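Trainee: here is a sequence together with a model predicted from it:
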Amino acid sequence: SQQGEEDPQALSIQEGENATMNCSYKTSINNLQWYRQNSGRGLVHLILIRSNEREKHSGRLRVTLDTSKKSSSLLITASRAADTASYFCATDSSTGTASKLTFGTGTRLQVTL
Amino acid sequence: SQTIHQWPATLVQPVGSPLSLECTVEGTSNPNLYWYRQAAGRGLQLLFYSVGIGQISSEVPQNLSASRPQDRQFILSSKKLLLSDSGFYLCAWSGGPMWTEAFFGQGTRLTVV
C-alpha cells in the first residue's frame, strides 16, 4: 500500500520559477526521503530528512518535515528545464533488520522554457 | 564505488511464459536488496526485500517470487506470467537497517502480451 501521497499530481511551471511539492504519510517514520525519476529510468536519491529535523537544504532543494501533521514539502528554487521529472517522497518506518522504504504516488514536474 | 546492474532493460513475454529478471550489486557486501514494481504513471510498490542470502520477505501476494542465491544477486521470477504482471520493475539496494538512501537500477519494462 502507498504510505505517501504527493500533491499535486502534476505541476507545470516556467524556468526560473519555484516548484513546491507536498507529501503526506500515515505512520510514524524514522526518516523521509525525496527521489527523482526521469521518464523510464530508475530513481535517484535527492535528500533525506530525519524525523527529528524540521528543515534541510541541499543546493536548490529545500525540504521541510512536520511530524505532527505527518507531512513534508520539497521546494526546488530557480527551476530549470532539466528539473523536469517525477518526484517521489519515501518514508522509512523500518524496525530491526527489516529495512524498507514506502513510496508515494509522485508529482510530475514540467519546467518549460 | 558501488554499482547496481539490472537486466534486461525491456522484455516482451507471452502470457503463461516464465520470467527471470536479474539484479546484481557491485562494490558492497551484505546489502539489503529490493524489488519494486511501478505501474504506468504511478508510485512504486514494494514486492520483495532481502536482508541476506536466502532470506526473502514478500510484501504482497502475487504471481511472482524472488530469490537471493548469492550475497549480491537478486532474482525476480514467475512460472507463468499474467497480463497483470506488466509494468516497470526496479531493483534497489541499501546499506542495511535504518538506511540512509536507496540506490536503484535502471529498471526493466515488462510487457506481457
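Mentor: Structure's in. What do you need? Keep in mind that this is a model prediction, so the values were computed, not measured. Numbering: from 1, shown residues only, chains lettered A, B, ... in the order given.
Trainee: residue contacts, residue 13?
Mentor: The chain I'm using is chain A. A:A19, A:S79, A:L109, A:Q110, A:V111, A:T112 (Cβ atoms under 8 Å, 6 or more residues apart in numbering or on different chains). Where you see a C-beta, it was placed from the backbone N, CA and C, and this is true even at glycine.
Trainee: chain B, not that one
Mentor: B:L19, B:L81, B:L110, B:T111, B:V112, B:V113.
Trainee: and it, how far from A:S28?
Mentor: In this view, B:Q13 and A:S28 are 40 Å apart by Cβ to Cβ, to the nearest Å.
Trainee: repeat for A:Y87
Mentor: When A:Y87 is compared with A:S28 (using Cβ to Cβ), they lie 23 Å apart.
Trainee: higher neighbour count, these two?
Mentor: For the pair A:Y87 and A:S28, the greater number of neighbours falls to A:Y87 (23 against 10), based on other Cβ atoms under 10 Å in any protein chain shown.
Trainee: identify the residue spatially nearest to that one, adjacent ones excluded.
Mentor: A:T107 (5.0 Å; Cβ to Cβ, 6 or more residues apart in numbering or on different chains).
Trainee: what's the spacing between the one you found and B:Q38?
Mentor: 15 Å.
Trainee: again with A:S39
Mentor: In this view, A:S39 and B:Q38 are 12 Å apart by Cβ to Cβ.
Trainee: these two - which one has more neighbours?
Mentor: The residue with more neighbours, out of A:S39 and B:Q38, is B:Q38; 21 against 8, by other Cβ under 10 Å.
Trainee: so what's the more buried one closest to, chain neighbours aside?
Mentor: B:F88 (4.4 Å).
Trainee: tell me what the single nearest residue of chain B relative to chain A is bridged to.
Mentor: Relative to chain A, the nearest point of chain B is B:F104 (3.6 Å; Cβ to the nearest Cβ). Beta-bridge partners recorded for B:F104 (DSSP bridges): B:A92.
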